[in-house]
Structure formats: C-alpha cells, structure tokens
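Asker: Fold the following for me, if possible:
(chains A and B)
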2 protein chains.
Amino acid sequence: MNTVVVGGGVIGLATAWQAIRQGVTVTVIDPAPATKASHVSAGMLPPGNEQLYGQDDLLRLCLASRALYPSFVAELEEFASAGFRRDGVLDAAFDDDALAALDHQQSFQEALGIRTERLTAAECAKLQPAFAPALGGLLSPDDGAVDPRVLNEALITAIEALGGTVVRRRVVRVADHAVTLDNGDAVPFDRLVLAAGCWTHHIEGLPHDAVPEIRPVKGQILRLHSDRPLLDVTARALHKGSSLYLVPRPGGELVIGATYEERGYDETVTADGTRELLNRAAAVMPDVGALRFAEISAGLRPAAPDDLPVIGPTDVPDVYLATGHFRMGVQLAPVTAVAMAAYLTDTTPHPSVVPFTPLRFSS
Amino acid sequence: MNTVVVGGGVIGLATAWQAIRQGVTVTVIDPAPATKASHVSAGMLPPGNEQLYGQDDLLRLCLASRALYPSFVAELEEFASAGFRRDGVLDAAFDDDALAALDHQQSFQEALGIRTERLTAAECAKLQPAFAPALGGLLSPDDGAVDPRVLNEALITAIEALGGTVVRRRVVRVADHAVTLDNGDAVPFDRLVLAAGCWTHHIEGLPHDAVPEIRPVKGQILRLHSDRPLLDVTARALHKGSSLYLVPRPGGELVIGATYEERGYDETVTADGTRELLNRAAAVMPDVGALRFAEISAGLRPAAPDDLPVIGPTDVPDVYLATGHFRMGVQLAPVTAVAMAAYLTDTTPHPSVVPFTPLRFSS
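Answerer: The predicted model follows:
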C-alpha cells in the first residue's frame, strides 16, 4: 500500500514513521517539514491536568499517549536522540488561588494513577532554587518534556532510514487517488493522510464537509539561554489565574510559553507577546533577566470546531485526517501515530481514538 | 601619504572618506566593518541637550558637527543615500518633572541659536498621534536622525569608489611604520589612525601611555517594525527621570533605545534589557505592542577615562587616535572626520577638536 502523508509536522512525521514500521510505503509531502507549530512548541509532557476535568474522552487519549511515550521514544532512539526527559514536572503555586487549585489537581491525578508529591514552600525552593518564593507545589515525578525540534529531526531520520520519502513541495489539490504539487507534478496514492495542521482544509478537491475547518490559534513563545540551565525541573508557574510553561533543556535553553491569540493566519512575533512572556517570567524567576534573549517565535496551533483532535478515516474512501491537536500535538503524537498506522494497515486502532473520528463533522 | 585607519566603524570610515577626499591614500582595516557600536546605534541627531550643560568644550564640538552634517551628507550622497532626515526632534514630557525640564532645555537651545517650538499637550498629540497623552513638548524643527546602517554602507561605497581599500582582517600589532594583521601580513603606513572603539588600546606595540584605556559601555537597543511607521517624528520620551530614544525610519522600522550597562566586553542581549525597553516603550506608546519584534542587539560604546572623545595626534610620531565618542559617535562623525583629515594633511583642524587631544592622558 502506497500512502501519502500531507504535512511534515510532528503528527505527520510520527504517523509516517509508525506506518513505515508496519510495512506501509510512505511519502511525506511538506514545503518545509518541521518548521511550523511543533517546531515552535515547548514540548512539555504534562500529567493530566485541570483543563481535562470533565473531558473524559480527551483525558483517555492523553493517558494513552502518556503510556506510549517511553516505548515510542525508545524505538525512535534506535535512529537518533528524541530529546525526551521524564524527570518530573513541578506545578508551583505563587498565590492562594493557585495553591488551592493544587489540591484539586492532586486528587485528580491520584485518581488516574498518576504519581504526585505535594511540596511545601521550602521543598519547592530546594527543588527549583531559581524560583521566587512559591506557596507550595505539586511534583509529578513520572512526567517531563521532549524537545520537539530534536524529536522532529529524529522522526525524519527514522523515516528516511527505513526507506520513506520526504518531498519538499506543497500539495495544492487532491484528485482521484493522486495529489497535485505546487510544481504541477502528480503523486499517486492508495491512501492519503492529511496532517497539515491549520492548513489541512485549504487543500482543494475534497467535498466541503469531509474536512472540517481547522482554525489557527497563535502562540508566541520565548527562548532564553544560559551556560548552565537556570531551572532544574520542567515546571508550570501558576500565578494570577494563568499557567506559565517553563521547559529547561540540558544545553541551557529555557523555553517560556505561551500566548494564546485568535488572529487568523498571522504568525507575526510582536512587542506585546514578547513583553508578556518576559514580564511573566520575571515575576516568578528573579534571576531570569540575565539570560540571553535567544528567540521569540510564533506558531499556529490547529483547532477543530470543537477544539478536539480529528483522527481517522473520512467519508471519502482512502482519505484520512490527523489534525486538530490544538495545544497537544507533541503530547498526542504517539497515540495518534500508532492509531493511524493501525487504520492504514486495516487493523483495529486503540479505542481511545475512536471518539475523535472525522465523521463527527459530516452531515 | 599612505595612511592606515584601524577600525571600520562610523568614525574610522568617515575619517577615511574625508582623508581620501583630501588626496590621502587610505587603507581601512577591520575584521568586520560596520558591525559594532555604530551599526547598533539608533542614529538620533539631537539638538544640544541637558547632558551638555556645563560641558562647554563638548557642546562646541557637538554644535560644529551639527553644522557640518548637511554638507557632509550632501557630499556623501553623490555616492549613495546616507539615510539622513532633518524633519524635527520632539522632546515629549510625560510627567511634571520632565515638563519642568523642557523649560531649561528650551532656554539652553535658544541661547545656542538652535530653533525650538514649545508644544502644548494637544499639539504633541497632533504631531505624534501614537503617543500616550504627554503634558507638553519641545520641538527642535532643524534636528533629526540618520540611519547608521545606511550611513556606514554609503561611507564604504564612497571610500571604495574613490580608490580607498577596505581590508577585512584584524590588526594585532603596530611596529615601526607597519601594522601586523592576524594572518601575519604586515601593512606599511606613513601615518596611522586608531579608531577601533573600545578595542583601540588592545592593539599591541605602542607605549602604554600613548593610548588611554577605552572602556566599553554596553547598550541594548530594540528594533520593531510595522508596515506604516508608528511615529511620524524622531522623539525622546521623557518619563520617570529618563529619556527613551524613539527613531522611526521611513520603511517602518522603529528603533528604541537604549540601556546603559557597565559590564566589560559583554555583548549579550538579555531578557532584562529587552524587557526594560519593551516596558518603557509601552508606557508612552499604547499601540506599540502590535508591532513586529524585529531585533534586539547590543553594542559597546567606547568611553575614555574622562568620558570625552579622543581626537588627534599622540606623542608617538605619525600615530593618531579617533575614538572615545561614547554615545555620540554617529553625531560627532562629521566633525571628527573633517578634523582628522586636516591633521593627516598637515592643515589646521577645526578649533573645536583641540581640547580633545590624546595628549591630555600623557604623563
């Protein structure tokens, strides 16, 4: 079976790799693979959290992906490092409301079997000395982060090592079992996976209701740098009703994110986005100001009309979707990829993906 | 006469150009011309200001350079645009202290013959609609700014068009009428100008007291961008005891600066430097947040022990200095260059440069 995957972000690349491992012949097509939303992402792999209260389907999907991550990474690291760390995520509360929220968070995680440790103010200071005084914390010792840039690179390496092809062109149209590229070439397929994030529904030639509109939700994200990492542990700083993601990398990079902006396809990095992240970071890390300003960048998270992932076959024969992962693309890549490989080989996917069928948008 | 100029910043380049125009054969040597302090500078050409109260020698030097600028630019523009504008500088007061300071500023400028117009709050808003409400302003209609990147580029073009040479190497040593480059080559000279900013005294082979220590004063500076310029007029925003430089360019760039930091040769752009400039800009321009974040950069201003320029012959025969211009390199380039060309052709320099002789540091 010859499969074309349109989109070389983390979802398209992970899907391609998993399908190739199952014997599928795969061509990934993307004008600039690994340069959009997942390239910009911080790559935090958080434990179940408050955003998932009452969203049982999404929670099950997250837990399935969390369970898959270690083996997914281990298999990928036969080809290249995946930049994975699982040495804990600290939720640190910097005000009373945040401290109260940690109680709920802890009960929620414990009920799901996700290990937690409640930390006092002094224990937070000991674990993360670069933080301003926190009122308390919650450590999830089995969670962590991945470096999406390293992960994407490893996926491309693995795909090519296993005989897959990455074509650096833009797909403009789908016709009967072939896609047309921006240079006019046609690439035939037996099966087609559309994983082009918020550009997925721009591909021409499919019935309007087969592909839901995937809206872009802009995120600006900051990268600072120091010779020695400022933070020891991946963290969320809970402060004034919001949560700031802080992901340290071993080489000294500190990723700080992110803004949420509904501004269409605008990828501009702005003075305000930069200022917001710098001010929020300075409020919780007194010494962050001395770090080198390395990068401000913006990505467009792909959001379906119901803000939930879109994974599986459409009502067009042989056309599949893997998109709409919103803020969770990196986190949900393993479960999505494994499920898509199952669909592409006519085996039964993990049950957690079933609710995310594209058919929910068909009339 | 064969002259070598060490240093391809605005002072070295302007000196080379003026000397070539007087018939001198010139070689400029710099590992990376036009990439250091003047490349980063905003290029504001302000009227005489408070910093000059009581510094009569420096004030005379500034006024001489201000008078020279239009002809300097006109002659340079026979080769390329110099990015010069002389459509006014607005000092806008955002608190009572700043408003009171404008009175002094106005008397000071009027006494020097620099034209001013006092503006009401309403007139400020009309002239510069993107400003937050100011309490009042002082417009200096005959002053303006230059784009130092365009200016440096034009100087290199003019030097090469007139037969001068720019060598992209580092000078490590001065011996008897020759400099040694980092590749071991020797370049002979009849006369030598050292214009290497805060690296000037690092050149080996000269008596210790011939070249004063030129200390680096770090400045971080921000460049934002919009399709249409946010500001109409070059401005200084006077607020909370400090002055924020705001230099709009016709293409939509807005230069915002700068920090002052004594941190040795550290050229790191930091989270704190960026944050300070963004917060100060947002305080006086409510809509600045939507602008694209284009660049944060840092330069090292060259400061002599007395913080004053160092221009003229040393007590080593045929060795001259043109450095120590601190925050005024772009502003003082014309008077420095014309004076240096006079020294190099054994004619009498403008009297305003005489107090800045390097001999004041000799024992």
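Asker: Around the residue in the stretch 51-200 of chain A that chain B sits nearest to, how many other residues sit close by?
Answerer: The nearest approach of the stretch 51-200 of chain A to chain B comes at residue A:130, 12.7 Å away (C-beta to the nearest C-beta). The C-beta positions use only the backbone N, C-alpha and C, and glycine is treated the same way. Residues lying near residue A:130 (other C-beta atoms under 10 Å in any protein chain shown) number 19.
Asker: Kindly report the same for residue A:214.
Answerer: 25.
Asker: repeat for the one 3 residues further on
Answerer: Neighbourhood size, residue A:217 [other C-beta under 10 Å]: 19.
Asker: hang on, isn't it packed against residue A:328?
Answerer: No: counting by C-beta atoms under 8 Å, residue A:217 does not reach residue A:328; the two are 11.9 Å apart.
Asker: What's the per-residue pLDDT of the residue of the stretch 51-200 of chain A closest to chain B here?
Answerer: Confidence at residue A:130, expressed as pLDDT, is 97.
Asker: show me the contacts for it.
Answerer: Counting by C-beta atoms under 8 Å, 6 or more residues apart in numbering or on different chains, residue A:130 makes contact with A:230, A:231, A:232, A:285, A:286, A:287, A:288.
Asker: helix/strand/coil for it?
Answerer: Recorded secondary structure, residue A:130: coil (DSSP: H, G, I helix; E, B strand; the rest coil).
Asker: I'd like the distance between the residue of chain A positioned farthest from its centre and residue A:99.
Answerer: Centroid-distance maximum for chain A: residue A:122 at 32.5 Å, with C-alpha atoms, centre = their mean. Separation of residue A:122 from residue A:99 (C-beta to C-beta, to the nearest Å): 14 Å.
Asker: now residue A:277
Answerer: Where residue A:99 is concerned, residue A:277 sits at a distance of 23 Å (C-beta to C-beta).
Asker: One more: residue A:210?
Answerer: In terms of C-beta to C-beta, residue A:210 sits 47 Å off from residue A:99.
Asker: With residue A:167 instead?
Answerer: Applying C-beta to C-beta, the value for residue A:167 to residue A:99 is 51 Å.
Asker: same check, this time on residue A:59
Answerer: Here the criterion is C-beta to C-beta. By it, residue A:59 lies 24 Å from residue A:99.
Asker: Residue A:18 now?
Answerer: In terms of C-beta to C-beta, residue A:18 sits 41 Å off from residue A:99.
Asker: Between those two, point out the one with more neighbours.
Answerer: Legend: neighbour count by other C-beta under 10 Å for residue A:18 and residue A:99, higher for residue A:18 (26 against 18).
Asker: so where does that one fall, helix or strand?
Answerer: According to DSSP states H and E, residue A:18 maps onto helix A:10-21.
Asker: and that helix, what's its mean pLDDT?
Answerer: 98.
Asker: Which strands and helices lie in contact with the helix or strand immediately after it in the chain?
Answerer: Counting by DSSP H and E, the next helix or strand C-terminal to helix A:10-21 is strand A:25-29. Here strand A:25-29 touches strand A:2-6, helix A:10-21, strand A:165-167, going by 3 or more C-beta pairs under 8 Å, 6 or more residues apart in numbering or on different chains; DSSP states H and E.
Asker: between those, which gets nearest to chain B?
Answerer: For chain B, the closest of the helices and strands packed on strand A:25-29 is helix A:10-21, at 25.3 Å, according to C-beta to the nearest C-beta.
Asker: Spell out the secondary structure type for residue A:149.
Answerer: Secondary structure for residue A:149, judged by three-state DSSP, is helix.
Asker: how many neighbours does it have?
Answerer: 18.
Asker: elements contacting the helix-or-strand element of chain A with minimal mean pLDDT?
Answerer: Ranked by mean pLDDT, DSSP states H and E, the weakest helix or strand in chain A is helix A:96-111, scoring a mean of 93. On a contact count with 3+ C-beta pairs under 8 Å, 6+ apart, helix A:96-111 meets strand A:89-93, strand A:136-140, strand A:234-239.
Asker: Redo these as TSV? Include distance to residue A:300, mean neighbour count and mean pLDDT.
Answerer: Below are these laid out as TSV (distance: least, C-beta to C-beta, whole Å; neighbours: other C-beta atoms under 10 Å in any protein chain shown; pLDDT from 0 to 100):
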stretch	distance to residue A:300	mean neighbour count	mean pLDDT
strand A:89-93	25	27	97
strand A:136-140	29	24	97
strand A:234-239	22	25	96
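Asker: closest to residue B:92 out of these?
Answerer: When those are compared by C-beta to C-beta, strand A:234-239 sits nearest residue B:92, at 34.2 Å.
Asker: What pairs with the closest one, parallel or antiparallel?
Answerer: strand A:89-93 (parallel), strand A:242-248 (antiparallel) (DSSP bridges).
Asker: For these, give me a markdown table that also has distance to residue B:68.
Answerer: Listed next are the strands paired with strand A:234-239 as a markdown table, based on distance: least, C-beta to C-beta, whole Å:
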| stretch | distance to residue B:68 |
| --- | --- |
| strand A:89-93 | 59 |
| strand A:242-248 | 52 |
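Asker: and the stretch 101-250 of chain A, which of its residues are near chain B?
Answerer: Proximity of the stretch 101-250 of chain A to chain B (C-beta under 8 Å from any C-beta of the partner chain) is limited to residues residue A:224.
Asker: Low-confidence stretches in the stretch 101-250 of chain A?
Answerer: Scanning the stretch 101-250 of chain A for pLDDT under 70 picks out nothing.
Asker: Name the residue of the stretch 101-250 of chain A with the shortest distance to chain B.
Answerer: In the stretch 101-250 of chain A, the residue found nearest to chain B is residue A:224; the distance is 5.4 Å by C-beta to the nearest C-beta.
Asker: and the closest residue to that residue other than its chain neighbours, what is it in contact with?
Answerer: Residue nearest to residue A:224 in three dimensions, not counting chain neighbours: residue A:291, with 3.9 Å by C-beta to C-beta, 6 or more residues apart in numbering or on different chains. Residue A:291 makes contacts with A:224, A:225, A:226, A:230, A:254, B:270, B:271, as judged by C-beta under 8 Å, 6+ apart.
Asker: Excluding chain neighbours, give the residue nearest to the fifth one in space.
Answerer: This means residue A:254. The shortest distance from residue A:254 to any non-neighbouring residue, by C-beta to C-beta, 6+ apart, is to residue A:224 (4.7 Å).
Asker: check which helix or strand covers that neighbour.
Answerer: Assessed by DSSP H and E, residue A:224 sits inside strand A:215-225.
Asker: longest single helix anywhere in chain A?
Answerer: Criterion DSSP state H: the longest helix present in chain A is helix A:56-76.
Asker: can you pull the contacts of the nearest residue to residue A:219 once chain neighbours are set aside?
Answerer: Nearest non-adjacent residue to residue A:219, counting by C-beta to C-beta, 6+ apart: residue A:258, 3.9 Å away. By C-beta under 8 Å, 6+ apart, the residues touching residue A:258 are A:42, A:219, A:220, A:221, A:245, A:277.
Asker: quick one, what contacts the closest residue to residue A:185 other than its chain neighbours?
Answerer: Once flanking residues are discounted, residue A:185 sits nearest to residue A:169: 7.3 Å by C-beta to C-beta, 6+ apart. If you count contacts by C-beta under 8 Å, 6+ apart, residue A:169 has them with A:29, A:31, A:181, A:182, A:183, A:185.
Asker: In CSV: these, plus neighbour count.
Answerer: Output for the contacts of residue A:169, formatted as CSV (neighbours: other C-beta atoms under 10 Å in any protein chain shown):
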residue, neighbour count
A:29, 23
A:31, 13
A:181, 17
A:182, 11
A:183, 8
A:185, 11
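Asker: Which of these fall within helices?
Answerer: Per DSSP H, those never map to helices.
Asker: Report the two of these separated the most.
Answerer: Top of the distance list for the contacts of residue A:169 (C-beta to C-beta): A:31 and A:185, 13.3 Å.
Asker: need the residues of the stretch 251-363 of chain A near chain B, please.
Answerer: Near chain B, when you scan the stretch 251-363 of chain A using C-beta under 8 Å from any C-beta, you find A:268-275, A:278-279, A:281-282, A:288-293, A:296.
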